[in-house]
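Asks: here is a sequence with its predicted model. Questions after.
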Amino acid sequence: MDFIQPAANDYVEQFSDATPAYLRPMYEQTKLVHPHAHLQSNWNQGGFLSFFSKLLAPQFILEIGTFTGFSTLCLAEGLNATGSIDTIELRSEDAASARAHFDASTKSHQIISHVGDAKAILPTLTKQWDLVFIDADKTGYIDYVNLVLPMLSDKGVIIADNVLFHGQVFEEKITGKNAIAIHAFNEYILQHKGIEKVMLTVRDGLTLIRKK
């Protein structure tokens, strides 16, 4: 679900071309058939992820929340030729759909899929992450950042999605479980002295984080 006005999303998409064009069929298929299609990054956010990854030229990328693989393949666009992306998905059905999309792409050999609880999987991964994208259960965001920060490379950047949570974080009294969790995450990141952060109003809100 997009927080920004649909007209604005349509306009910026019209004037952007960073999203890999070959991903359009899988993107539209997810929108058409998946009952939770709103969980997919929108087309222009995919372009942002692709563009940012190309700027950073990461060796190792981590994604927490694969869904059906659109954001994974966008992130993979900037990978070093010898690099890899580890992507974690809790739901086995979505992970299987994503893997099928990966295997049909030229990036297949660079994508490592993990199925299960990210909090259990993350401690088993020992790479130094250059780029991390967090788009999973909102109540886990603080834990994910704390698990990932020690393994972030000197140039590493964390991107946290849905930090505006459909505008619910603006409410005078926040009531939804996920909105409460995201607001707590935003407060936690704001007060964290060891990181630099910037929040962007891209789609449903992105926060970029790096170590000082």
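Replies: Sure, I can see it.

Asks: first-to-last residue distance for stretch 197-211?
Replies: 9 Å (Cα to Cα, to the nearest Å).

Asks: average pLDDT for that stretch, rounded please.
Replies: On average, the pLDDT along stretch 197-211 is 96.

Asks: the residue nearest the centre of the chain: what secondary structure?
Replies: In the chain, the residue lying closest to the centroid (Cα atoms, centre = their mean) is residue 133, at 3.7 Å. State at residue 133, reduced to three classes by DSSP: H, G, I helix; E, B strand; the rest coil: strand.

Asks: my read: it touches residue 63, true?
Replies: Yes - Residue 133 is within contact range of residue 63, at 4.7 Å (criterion: Cβ atoms under 8 Å). C-betas here are computed from N, CA, C, even on glycine.

Asks: overlap in contacts, the two.
Replies: Listed as contacting both residue 133 and residue 63 by Cβ atoms under 8 Å, 6 or more residues apart in numbering are 71, 75.

Asks: return the helix or strand in this protein with minimum mean pLDDT.
Replies: Ranked by mean pLDDT, DSSP states H and E, the helix or strand of the chain with the weakest confidence is helix 6-14, at a mean of 88.

Asks: for the residue nearest to the centre of the chain, what are its contacts?
Replies: By Cβ under 8 Å, 6+ apart, residue 133 lies in contact with 49, 61, 62, 63, 64, 65, 71, 75, 158, 159, 161.
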